[in-house]
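[1] From the sequence below, what's the structure:
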Amino acid sequence: MPFVQVIEYETDRPAEVRALSEEWGQQQLANAPARLTVAEDRERPGHFVMVAEFDSYDQAMAHSAQPETGGYADQMRRLAKGEPRYLNLEVALRQMR
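    Just a heads-up that it's a prediction; the model follows:
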């Protein structure tokens, strides 16, 4: 069953976050998300949502357990204002056109 992790955070350093995320994406570690989307809230500048889509919960947890993932999360926390909020979601329905 597909699994989605949503990370909500605020930052006044979006260019640094983007550079970090692009570098992270180039590393392509085992168990990497099938798809990663980062979006900024139009009504609240500086408020971002990162959506990581995995093929399964087990894949997501294996990815989270990698030391490199922890290092990336630590760097993200330093660039964020406050603590990021995590949502771990089982996909109940997916429709595509």
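[2] three-state assignment of Q75?
    Using DSSP: H, G, I helix; E, B strand; the rest coil, the structure places Q75 in helix.
[3] how deep is it tucked in, by neighbour count?
    16 (other Cβ atoms under 10 Å). C-betas here are computed from N, CA, C, even on glycine.
[4] same thing with the one 4 residues further on?
    Burial of L79 is recorded as 17 neighbouring residues (other Cβ under 10 Å).
[5] Surely it and V17 touch.
    Yes - using Cβ atoms under 8 Å, L79 makes contact with V17 at a distance of 5.1 Å.
[6] Could you tell me which residues touch both of these two?
    T11 (Cβ atoms under 8 Å, 6 or more residues apart in numbering).
[7] what does the helix or strand bottoming out on mean pLDDT in the chain contact?
    Across the helices and strands of the chain, mean pLDDT, DSSP states H and E gives its lowest value to helix 14-27, namely a mean of 85. For helix 14-27, the external contacting residues (Cβ under 8 Å, 6+ apart) are 11, 36, 38, 40, 46, 48, 50, 68, 72, 75-76, 79-80.
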